[in-house]
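> After the sequence you'll find the predicted model.
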Amino acid sequence: MDIKTLYANLRHSKWPIKDSYLYSPIVTFEVDGEKIPMKLVFVTTRGQADQCFVLATTMTALRPEAIIQMYGQRWQIECYFKVAKQYLQFDQAQVQGYDELCGRLAIVMLSYDVLTLAQREKWATVARY
């Protein structure tokens, strides 16, 4: 069964919807003949109750809230690398050694921190008015 079919079955079932997520079943995937249990967490898309995205993990003992929090932290890291590569040209550097790479990374991280601080201050100013 694919994810869309599973979601449709869950919507028509009597499983209760939680506050921070919709459903969290444990399913089994087969990869190269080996069965792997995975916990799926269906989370609604902000502002669009009819749409959701699915988070998946092989750590089936985790609570759905912990999975959501971990993916949220991971998403912040992905956003950092997107900004670092697209706007701060981190991937364009042609460095020769480890020390140069560390220096380049430090400059990119400092630039990102300054930009993030400026954005937060801008939003704090807008929120006051």
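Right, received. Where do you want to start?
> which parts of the helix or strand containing Ala66 are buried?
Per DSSP states H and E: Ala66 is located in helix 64-86. The neighbour-count check on helix 64-86 (16 or more other CB atoms under 10 Å) flags 64, 67-68, 71, 80, 83-84 as buried. Placement of C-beta: from N, CA and C, glycine included.
> One more: stretch 14-26?
When burial is assessed from 16+ other CB under 10 Å, stretch 14-26 yields the following buried residues: 21-24.
> got a list of what the nearest residue to Leu88 once chain neighbours are set aside touches?
Taking CB to CB, 6 or more residues apart in numbering as the measure, Leu88 lies nearest to Val108, with 4.9 Å between them; neighbours along the chain are not counted. Applying CB atoms under 8 Å, 6 or more residues apart in numbering, one finds that Val108 lies in contact with 84, 88, 90.
> Sort out which one of those residues lies nearest Gln119 for me.
The shortest distance between Gln119 and any of the contacts of Val108, using CB to CB, involves Leu88 and amounts to 14.1 Å.
> out of the buried residues of stretch 14-26, which one sits closest to Val114?
Taking CB to CB as the measure, Val114 sits nearest to Tyr21 out of these, at 35.2 Å.
> is it true that that closest one touches Val41?
Yes: between Tyr21 and Val41 there is a contact under CB atoms under 8 Å: 5.3 Å.
> can you list the residues that contact the helix or strand of the chain with the lowest mean pLDDT?
Evaluated with mean pLDDT, DSSP states H and E, the helix-and-strand set of the chain has its lowest mean pLDDT in strand 48-57, which scores a mean of 80. Residues from elsewhere that reach strand 48-57 (CB under 8 Å, 6+ apart): 3, 7, 22, 38-45, 67-68, 70-71.
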